[in-house]
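# Have a look; sequence and predicted model below, questions after that.
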Amino acid sequence: MTEPRAPAEIELARQRAMAVGVAGLALCGIGLFLDPVQALRSWLFAFLFWVGVAIGCQSILMIQHLTGGLWGLTIRRILEAGSRTLLYVWLLFLPLAFGLGRVFVWANHDALAADEHLEHAVHAKQLYLNVPFFLGRAAFYFLVWAVLAHLLSELSRRQDAGWTRTTARRLRALSGGGLLLMGFTITFSSIDWGMSLDPRWFSHIWGMLFMVGQALSAMALCIILIARIGDQAPLARAALPGTVHDLGKLLLAFVMLWAYVNLSQFLIIWSGNLPEEIPWYIQRLQGTWQAAALLLLLVHFALPFLLLLSRDLKRSARMLSSVAAMIFVMRIVDLYWLVGPELHAPGRSFHWLDLAALAGIGGLWTFLFARELQDRPLLPIGDPELEEALGHVG
């Protein structure tokens, strides 16, 4: 049986995303001419966010293959489309690769020469923080993500053509080993592209912050899409109130985990009170960054937590998507709070290029995502668990 393809809303979103992406990239081009340093730093911020969404999709996809359940079958195609964008994101890294010295202080010899303490800190880590090794690690991350995305996609395509126990077993095996690789690459890529912006600072929980944040972004995106197109064929068969409820519970779990990991890092660093660690928080608890921290506490955790305690809200796709959209926006604020102070001149907390880069990369990523979503049926029609789960719910 052939299932209907993506609804017309996906094609409309693809067209609009391309328009937004072109406009954003044009503004980034102007910014690169006017202020090349800030343009590349803003590009890094946008790159981290949108690539993080794709990584989150791939991570949740592999969790779903290992755990099963109708909740995962309902959003599997969304997750697969997001993960397949990892085949192309290495292209977005090229501007950063050619402008490392403008973005990362450890790669800027003039900045090191002007700051003796910074030079000493970088010298102690030079076996890790050097340009050839940095670029080699980046190539390794992109290779791992692309290979996993390709293999997961191809096995899923075979499953659509005709389910076999061997294909299902390979999907689970690939997901089990793939999650280990994802944990490794997410941790070190977040260190390379985020923590090394300030080479004097370090945190053992930094990688976990990015893992949880990326998964939260991906889950929020899935819920938003389910609310948008879940009442149309073929998703209407699976996007039932009980399924939406399960997605809402997962969203609540990720929100709580995000708060736990952030609080753990804060308590460990604050209680340790080490001179090489505490300035990172002091900078982020003053001025505009302090306001952003309070906003994250209230709107990224407290308000979503209270709202998601409601069973009725979690069973309504429309109301749940409103909470998910709020969290998705706050994910941008959270990442901005984590890396923003190192991406701007002292005393400055915002630049118009930040929004331009978000729009440019976001539009391009959304275009690719929508195109990939149109490529497959919106439900995994070859998976026997789908009919079994639908029959059980019925």
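Structure's in. What do you need?
# for the stretch 151-300 of the chain, which spans come out with low pLDDT?
Counting by pLDDT under 70, the low-confidence segments of the stretch 151-300 of the chain come to 163.
# which residues in it form helices?
Taking DSSP state H, counting those that start in this stretch, the helices of the stretch 151-300 of the chain run over residues 165-193, 206-229, 241-272, 278-284, 287-295.
# Buried deepest among the ones you listed, which one?
When neighbours are counted by mean count of other Cβ atoms under 10 Å, the highest per-stretch mean among the helices of the stretch 151-300 of the chain falls to helix 206-229, a mean of 24. All C-beta atoms are positioned from the backbone trio N, CA, C, and that covers glycine.
# could you say what helices and strands that one packs with?
Counting by 3 or more Cβ pairs under 8 Å, 6 or more residues apart in numbering; DSSP states H and E, the packing neighbours recorded for helix 206-229 are helix 8-34, helix 36-67, helix 70-84, helix 165-193, helix 241-272, helix 317-343.
# will you turn those into CSV that also has distance to Glu116?
As requested, these are arranged in CSV below (distance: least, Cβ to Cβ, whole Å):
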stretch, distance to Glu116
helix 8-34, 32
helix 36-67, 22
helix 70-84, 45
helix 165-193, 24
helix 241-272, 25
helix 317-343, 19
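# of these, which approaches Leu148 most closely?
Nearest to Leu148 among those is helix 165-193; the distance by Cβ to Cβ comes to 4.8 Å.
# packing partners for the closest one?
Using 3+ Cβ pairs under 8 Å, 6+ apart as the contact criterion, the secondary-structure elements in contact with helix 165-193 are helix 36-67, helix 131-161, helix 206-229.
# repeat that with 10 Å
For helix 165-193, the elements it packs on are helix 36-67, helix 131-161, helix 206-229, helix 317-343, helix 384-393, judged by 3 or more Cβ pairs under 10 Å, 6 or more residues apart in numbering; DSSP states H and E.
# Among those helices, which comes closest to His300?
Nearest to His300, of all the helices and strands packed on helix 165-193, is helix 317-343, at 4.1 Å by Cβ to Cβ.
# Show the average pLDDT along that closest one.
Here the mean pLDDT over helix 317-343 is 96, rounded to a whole number.
# What's the first helix or strand after it?
helix 352-373 (DSSP states H and E).
# May I see the buried residues of that following helix?
Under the neighbour-count criterion of 16 or more other Cβ atoms under 10 Å, helix 352-373 has 353-373 buried.
# I figured Phe134 hits Tyr128, correct?
Yes. With the criterion set as Cβ atoms under 10 Å, Phe134 and Tyr128 qualify as a contacting pair; they are 8.4 Å apart.
# what residues are shared contacts of the two?
With contacts taken as Cβ atoms under 10 Å, 6 or more residues apart in numbering, the residues that reach both Phe134 and Tyr128 are 106, 192, 196.
# Throw these into CSV and include distance to Leu267, thanks.
What follows is the shared contacts of Phe134 and Tyr128, written out as CSV (distance: Cβ to Cβ, whole Å):
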residue, distance to Leu267
Trp106, 28
Asp192, 26
Ser196, 24
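# wait, which of those is closest to Phe328?
Checking the shared contacts of Phe134 and Tyr128 against Phe328 by Cβ to Cβ gives Asp192 as the nearest, at 24.9 Å.
# what's in contact with stretch 10-26?
Stretch 10-26 is contacted from outside by 5-7, 46, 81, 225, 228-229, 353, 355-371, 373-374, 378, using Cβ under 10 Å, 6+ apart.
# CA atoms only: put it into PDB for me.
This file holds the C-alpha atoms of stretch 10-26, laid out as PDB (Å, rounded to 0.1, in the frame of the first residue of the first chain):
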ATOM      1  CA  ILE A  10       5.700  21.200   3.800                       C
ATOM      2  CA  GLU A  11       6.200  22.500   0.300                       C
ATOM      3  CA  LEU A  12       5.100  26.000   1.400                       C
ATOM      4  CA  ALA A  13       7.500  25.900   4.300                       C
ATOM      5  CA  ARG A  14      10.300  24.800   1.900                       C
ATOM      6  CA  GLN A  15       9.700  27.800  -0.400                       C
ATOM      7  CA  ARG A  16       9.500  30.300   2.500                       C
ATOM      8  CA  ALA A  17      12.600  28.900   4.100                       C
ATOM      9  CA  MET A  18      14.600  29.300   0.900                       C
ATOM     10  CA  ALA A  19      13.500  33.000   0.700                       C
ATOM     11  CA  VAL A  20      14.400  33.600   4.300                       C
ATOM     12  CA  GLY A  21      17.700  31.800   3.900                       C
ATOM     13  CA  VAL A  22      18.700  33.800   0.800                       C
ATOM     14  CA  ALA A  23      17.900  37.100   2.600                       C
ATOM     15  CA  GLY A  24      19.900  36.000   5.600                       C
ATOM     16  CA  LEU A  25      22.900  34.900   3.600                       C
ATOM     17  CA  ALA A  26      22.800  38.100   1.700                       C
END
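# Okay then, goodbye and thanks.
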